[in-house]
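# build me a model:
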Amino acid sequence: MGIIAWILLGLLAGIIAKMLMPGKDPGGIIVTTLIGIAGGLLGGWLGKVIFDVDSIDGFFDLSTWIAAVVGALILLAAYRLLARRR
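Presented below is the predicted three-dimensional model:
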């Protein structure tokens with residue numbers, strides 16, 4: 001996938017993660033995109049380590065979206081914990 005596809009995937013995965021985990025977040029669209037992109041990478045890495053599968057195959061593969069959203073949910077929860085402590 002190219003950089004534009006990663007950014008688009010990250011943006012959409014971050015938005016989906018925010019919809020699945022509603023509440024106030026101290027961040028806008030940029031933070032959502034960064035959490036989504038990092039979540040996609042985290043989800044892909046966890047899929048490789050835990051299940052020994054290549055979970056980031058292509059933009060339209062379901063496994064790519066699931067990995068990105070799960071990773072974004074993990075990072076969003078961590079971000080909320082860290083932001084709440086400040």
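
# and the residue lying closest to W6 once chain neighbours are set aside, what does it touch?
In this structure, W6 finds its nearest non-sequential neighbour in I37, 5.9 Å apart by Cβ to Cβ, 6 or more residues apart in numbering. (C-beta placed from N, C-alpha, C; glycine too.) Listed by Cβ atoms under 8 Å, 6 or more residues apart in numbering, the contact partners of I37 are W6, I7, L9, G10, A13, G14.

# ok, of these, which one's closest to Y79?
G14 (10.6 Å; Cβ to Cβ).

# next, the buried residues of the host helix or strand of A17.
Assigned by DSSP states H and E, A17 falls within helix 3-20. Neighbour-count burial for helix 3-20 flags W6, L8, L9, G10, L11, L12, A13, G14, I15, I16, A17, K18 (criterion: 16 or more other Cβ atoms under 10 Å).

# how about stretch 30-44?
Those would be 32-44, for stretch 30-44 by 16+ other Cβ under 10 Å.

# for stretch 62-72, same thing?
Buried residues in stretch 62-72 (16+ other Cβ under 10 Å): S63, T64, W65, A67, A68, V69, V70, G71, A72.

# how about the backbone phi and psi for G28?
Note on G28: its backbone torsions stand at phi -100, psi -150 [degrees, to the nearest 10].

# ignore the last one, G36
phi -70, psi -40.

# re the thing from before, quick one: which of the buried residues of helix 3-20 is nearest to G58?
So of the buried residues of helix 3-20, ranked by how close each gets to G58 (Cβ to Cβ), first place is L9, at 10.2 Å.

# about what we covered before: what's the closest of the buried residues of helix 3-20 to A83?
The closest of the buried residues of helix 3-20, once distances to A83 are taken by Cβ to Cβ, is K18, at 13.7 Å.

# verify the stated contact: the closest one with G28.
No. Using Cβ atoms under 8 Å, K18 is not in contact with G28, being 11.1 Å away.
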